[in-house]
Structures are given as C-alpha cells and as structure tokens.
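Visitor: Structure of the sequence below:
(chains A and B)
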Amino acid sequence: MKKVFFLLSIVLLCTTVIFSNELTVEEILDAVDENQTPESITHDGEMIIHRGNRTIEKKFELKAEGKERSFMEFTYPPRDKGTKYLRVDDNLWMYLPGAERTVKISGHMLRQSMMGSDFSYDDQTENRKINDQYKSTILGSTTLDSNEVWIIDLIARDGIDVPYYRQKCWIDKKKLVIHKAELYGRSGKMLKMMYMSEFKDISGKYYPHKIVMEDVIKKGHYTEVIVKDVKLDVKIPEKVFSLRYLERK
Amino acid sequence: MNDIIKIASRNITRNKRRTFLTVTIMTLGIIVYIFGMGYMDGIIESAFERSRKMTGEIRMTHKDFELKEKTRDLRANVSYDQVKGIEDQKNILYANKRIRFGGVIFFKDKERNAMGVGIEKGDLDVFEMSSSLIKGKLEDFQKQGKALVGVELAKKLDIGIGDSFTVMTSTQYESISAQNYNVAGIINDRNPALNQIFFINLDDAQYLLDMDGAFTEMALFLKDIKLKDQTVVNLKENYKELDIKAWNKIGINNQMDSWMKITEVVFLLIFGVLAAIGILNTMMMIVFERRREMGVLESMGMRKKEILSMMTLEGLVMGIIGTILGIVFGVVITYYFQVHGIDYGEATKDIMAEYNMDTVIYPLVKVKNLIVSIFIGIVFSFIGALLPVLPQLKKNPAELLKKS
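Guide: Have a look, this model is predicted:
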C-alpha cells in the first residue's frame, strides 16, 4: 500500500512539473504570432482558385514588413496583370490598371473576396495579435499528420470586430504554427476551413509554403496559395509602401 | 306592331326628362367602359412593350438566373455552346445576348450606383436607340470602350459626350474589376428605367465581368408572336438545361398579366352594374309612373304581350341611343388622350419606372372594346326594361288602376 501511495505521489509531482513548464494559451498564441510574422519578407506566389471543375491560376509578388505594411502585385493572368494592393496599418488600397484608378477598400468591402479567391480582404489585411482579438481556451491535444498539436478555441473578445466570431485552431506544439483552422460566423455556422502546410525553416522561423482556404458553404470552392522564393529579413525600400508606388505604371 | 312602335316612340319623346336621364346614364356607362378599358389597354401596351424590349419576346437564361438576379450574381450565366443553333430554331427572328450587371460609376469626384447592360448590335434597334439618342453617334458606340448613358444618369454624374468614366464592379468570380468607358451617346427613352442606366458593348461587358464566351440573358424576338407559347415548348425540348419563358410569364409581367385580366373583368362588372342600375332604376320609375296607363291599355283590350313589347322596346331604344352616344363620346375622348396622352408628371417617374411604365399613359381605342360595349348596352337595356315590367303585368287592370 505504501508503494502505491509513493508511486501516486511521484506521478502527481511529475504532472505538476510538466504543467508548470508548459506554455499558457496566451503564450502559445503570442509565439504563433511571432513565428508567422517575420520582420520583413518578400516572396512570389501562385493563387490557384478552384470553382468546381474550373480552375483559375493567378501569380503575384509580395513584399511585407511585419504585420503592418505590405505590397502585393499580380503579374498573371493578363487581365489581372498590374493589379496591386497596398496595406499600411489598417488601410488597404487597390490599384485597378484597367481604370488606372486606386480604390480604398474599407467597411463591408473588406469581407469580399480578394481577386475572386476564397480569401477575403479581411483575411489578407488582419494585422492584430490573436490575443488582442480573441479569448482562448485549450480544448485538448491530438496528433495531426504525425504532428503533436494543441486544439485551441478562440472566441472574439467583447466589442472587438473580427472577421470570424470563433476559430478552432490546430497548433503545432514544436513549430508553434497553425496547421488547420475552422472559421465560424456569429451564428455558429462554419464558414471556412484554412490549412497551412509545407513549413520550411527560414532563418529560424517556420514559414508555410502552402495555404489553402476552403469555403465550406460552397461545395468545391477552395483556393490554394503556393509560396515560392521566400526571403526573410530583407531590406525593402520605403517608397514601396506609398500610394505613388502603387499607382506607378 | 306598328302601333306598338308608334306608342313606344311617342312615350320616349313625351317624357323628355325621363328619356334624357336614361340615355345619359347609358351614355356615361359606355363612355366609362370605352375610356376605362382603353386606359387599361394603354397601360398594358405601354408596360408590355417595354417589358418585351427588356426581356425579349422569349427569354433564355440559366436555371438559377431568377434566384440570383436580385443579388446580381453573375455565376448564373449561359455559355455560347449552350445556345448553339438558336437562330435556326422555328419562329426565331433574331436572338440577342445580353449581360445585366450592377456597379459603381466614378466620374471626377462623383460616384453613383448604376445598372449597366452589355448589348449586341441588334439591341440598338430593339431599344430604338436611333430615336432615343439625343446626343452623340450610335456608330461610335460600336467601337471598343464606348458607352451609351441614360439622360438621368448623365445628369446625376454631370457627364457628356467624350467624357471618360470608370465602372467598378465584381466579376462573376466576385473579384473587383474596373474599366474606363467613353461616352458615345446620351439617350432619352420614353421608358424612364432606361434613362437611369448605361449600355456598353457585350464584348466589353464580358471582359469587365470576366465572362468570356458567356452572357446572362438571351432575348429572342419572333417571326410570329402569336406562336410564342408553342415556340417556348419547342425551345424547352431542345435546350433542356436552360430556363425559357415567354415575356408575359417573367417576374412582374406575369403578375401584371393576371392583374390585367382581373381588372378587365372588374371594369366589365363596374360598367355592367352601373348601366344595369341606371336602366333598372329608370325603367322601374317609368313602370311605377305608368301603372295606371298600363291598366287603361289592358282594359281597352291591349294584350299583356303587347304592353311588354312596348315597354321593352322603349327601354331598348333608349339603350341603343345611349350606347351610340356613349360610343361616339367615348371614342372621341379616348382618341384625344390616345394622341395627347395623360401625363402624370415627373413626381411619379420612379414608381412608374419600377413597374416598367411610362409617366405618360396613352389610352387606346380598340375595336374589341366597342363591340363589347354595344353588346353590353343592348343586353342590359333589354334586361333592364324587361325585369321591372314582368311583375306588373301579372296584376289585373283593376289592381293596377287602384294602386296608381
């Protein structure tokens, strides 16, 4: 009997030690933010939009600094060539080459599809920290594609306007990256599923090279973004993040 | 019989006030019917003519078109392959492809939501652009990047010939898209709805909306419109995956079609009741006034049948006179407004546009209304004369003399 008590005490002690060494949910989310937000980045990308049997391919180049500033230019197909986006803090502008006009995207337009994909402008422009937007709870742990993950539930904080009222994320315990997220509306209905994969260690940070956004309401509607030629912590000229640069021909 | 006719005609001229009242009521009833029905026909023709322009005599669309039309969801579109061989189908005169879309127009510092229509060359004739064009040239419109702008929209944007404006909209894949167009012409159509929109070439619309090789509606015009229902059946057989409807079965046209039929019956009843009450009332007055006369005539040997003939003849003659006068005045009044129209003024423009109607209504003189009015006038005057006389004739002469 004494042996049993002794073993139980050892188990309890070990459990306490393990839990005290584990990160809190807020720390996990901060680490995810940190890991997925390089100081500066440039990369090329392919956007493959699936609409049932039809597939539309687009190509773009991206330059970004932190979460606050980014510049994106579409280079393919010809009808989209020269379409550019500039984001500075909470502002997003779009340059439409066909009309030679810059449009500020704000309000309800932010919820609309970006370039006909399943990503909304909100998805693209969100630059706030997860912890600032959501209250979080760890629902448990599991294995996803042989990765140990936490399942974390995020509910929008009171008074904070967020594109998705609730998110359920599968976060890698080792790499501290999101593998999968279910995105819900205020009604509780799931709207989208997001998958990130092909993480590559670049300068000590894991950066996803494939992101898939699926519209679960419209069957067969999903968009893949393939990231190529990623360069982290590169010097981006200041002029890139200006309206004049956006409107250059 | 000659005596009866003589007595009847003497009776008509004897009491002028009574005859005048009866004839006036009949005349008014016929005028109300001819003008009322002509007015309704004018509205129907005006609304339906515009509807036919907007939808074609038969419209072919994607099955989900009506469901997605309100949200301007362009995914409910039709590809050229799906309408292959349409021009060779029986009774098809021509087939015009169109794309209707919503967007925001920017011109200088002004912006405005507006509806645009991408049209083929053939639609310039359908919309009678050559007569509604008040500025610019239609030939210029057929070039790439050109637009025809409704006069009301042009006023709101303060835009003129040669000006370039931007249209921003969503493609069929919900991606933001924008292009610039040059104003080739300003149109002022009798249909106010057309003055609020703009037209661009179908090719330009396809590029703007990323709808290469596709359109949202096909407007079909027929060699013989009377065969439209049969043509719809034939087309449905050959183009099973599309929604095919005759113009009077589309949206508000369908409701208006049923509404017009009900209104026609209601008008018919209103006139019928008005005429019948007038005739019955006047005839009853006559019968009550003339019970003594009927008693005297019967006691002098005149048969009940002859008295009945005399009375109904009087009613019938007054009815015929009223009908003829009603037709003459009804036609003159209706024709005057058929030429000059009834102008409801600018204030009603928006609500009229919503129902695809003009602010000026032109009533129509129609032969069918004249024939129906003759029939109604004669039948009701006959019945109106017959009904009140019959119960009086069942009484004996002494009773009639006593009661009078």
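
Visitor: Chain A contacts on the stretch 151-300 of chain B?
Guide: Within the stretch 151-300 of chain B, the residues that sit near chain A (CB under 8 Å from any CB of the partner chain) are B:166-168, B:170-171, B:173-180, B:207-208, B:210. For the C-beta atoms, the positions are set from N, CA and C on the backbone; glycine is no exception.

Visitor: The helix or strand encompassing B:K97 and chain A, are they touching?
Guide: For B:K97, the host element (DSSP states H and E) is strand B:92-107. Yes: judged by CB under 8 Å from any CB, strand B:92-107 comes into contact with chain A through B:F106.

Visitor: Okay, now the unreliable bits of chain A?
Guide: A:1-21 (pLDDT under 70).

Visitor: ok, 50 please
Guide: A:1-20 (pLDDT under 50).

Visitor: tilt between whatever helix or strand comes next after the strand holding B:K97 and strand B:92-107?
Guide: Later in the chain than strand B:92-107, the nearest helix or strand by DSSP H and E is strand B:110-119. Strand B:110-119 and strand B:92-107 are oriented at 160 degrees to each other (axes from the mean of the first three to the mean of the last three CA atoms, to 10 degrees).

Visitor: Pull the contacting residues for B:A184.
Guide: Counting by CB atoms under 8 Å, 6 or more residues apart in numbering or on different chains, B:A184 touches B:136-138, B:140-141, B:143, B:146-148, B:161.

Visitor: Filter the residues you listed down to just the buried residues.
Guide: Those of these that meet the buried threshold are B:136, B:138, B:140-141, B:146-148, by 16 or more other CB atoms under 10 Å in any protein chain shown.

Visitor: Which two among those are spaced furthest apart?
Guide: Farthest apart among the buried ones among the contacts of B:A184 by CB to CB are B:L138 and B:A147. That separation is 12.1 Å.

Visitor: Return the subset of the residues of the stretch 151-300 of chain B next to chain A lying in strands.
Guide: B:166-168, B:170, B:176-180 (DSSP state E).

Visitor: just the buried members of these?
Guide: By 16+ other CB under 10 Å, these give B:166-168, B:170, B:176-180 as buried.

Visitor: Could I get those residues in JSON lines, plus columns for distance to A:G185 and pLDDT?
Guide: Below are those laid out as JSON lines (distance: CB to CB, whole Å; pLDDT from 0 to 100):
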{"residue": "B:T166", "distance to A:G185": "33", "pLDDT": "95"}
{"residue": "B:V167", "distance to A:G185": "31", "pLDDT": "95"}
{"residue": "B:M168", "distance to A:G185": "27", "pLDDT": "93"}
{"residue": "B:S170", "distance to A:G185": "21", "pLDDT": "90"}
{"residue": "B:I176", "distance to A:G185": "23", "pLDDT": "88"}
{"residue": "B:S177", "distance to A:G185": "27", "pLDDT": "91"}
{"residue": "B:A178", "distance to A:G185": "29", "pLDDT": "93"}
{"residue": "B:Q179", "distance to A:G185": "33", "pLDDT": "94"}
{"residue": "B:N180", "distance to A:G185": "37", "pLDDT": "95"}
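
Visitor: Widest-spaced pair of those?
Guide: B:S170 and B:N180, at 17.2 Å, using CB to CB across these.

Visitor: Pull the contacting residues for the residue in chain A that chain B sits nearest to.
Guide: Proximity of chain A to chain B (CB to the nearest CB) peaks at A:G116, 3.2 Å away. A:G116 makes contact with A:49, A:56, B:171, B:173-175, B:210 under the criterion CB under 8 Å, 6+ apart.

Visitor: TSV for these, including distance to B:I321 and neighbour count?
Guide: Converted to TSV, those look like this (distance: CB to CB, whole Å; neighbours: other CB atoms under 10 Å in any protein chain shown):
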residue	distance to B:I321	neighbour count
A:I49	78	23
A:I56	78	18
B:T171	69	21
B:Y173	72	19
B:E174	70	19
B:S175	73	22
B:D210	70	20
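
Visitor: pretty sure B:K97 is touching B:D203, no?
Guide: No: contact criterion CB atoms under 8 Å: B:K97 and B:D203 do not qualify, at 10.5 Å.

Visitor: Who has more neighbours out of these two?
Guide: B:K97 (23 against 13; other CB atoms under 10 Å in any protein chain shown).

Visitor: which one among the buried ones among the contacts of B:A184 gets closest to chain A?
Guide: Using CB to the nearest CB, the buried ones among the contacts of B:A184 come closest to chain A at B:A147, 13.2 Å.

Visitor: which secondary structure element contains that closest one?
Guide: Short version: B:A147 belongs to strand B:146-150, going by DSSP H and E.

Visitor: Mind giving me the packing neighbours of the helix or strand following that strand?
Guide: Beyond strand B:146-150 in the direction of the C-terminus, DSSP H and E gives the next helix or strand as helix B:151-157. Using 3 or more CB pairs under 8 Å, 6 or more residues apart in numbering or on different chains; DSSP states H and E, the elements in contact with helix B:151-157 are strand B:92-107, strand B:110-119, strand B:176-187.

Visitor: Thank you, goodbye.
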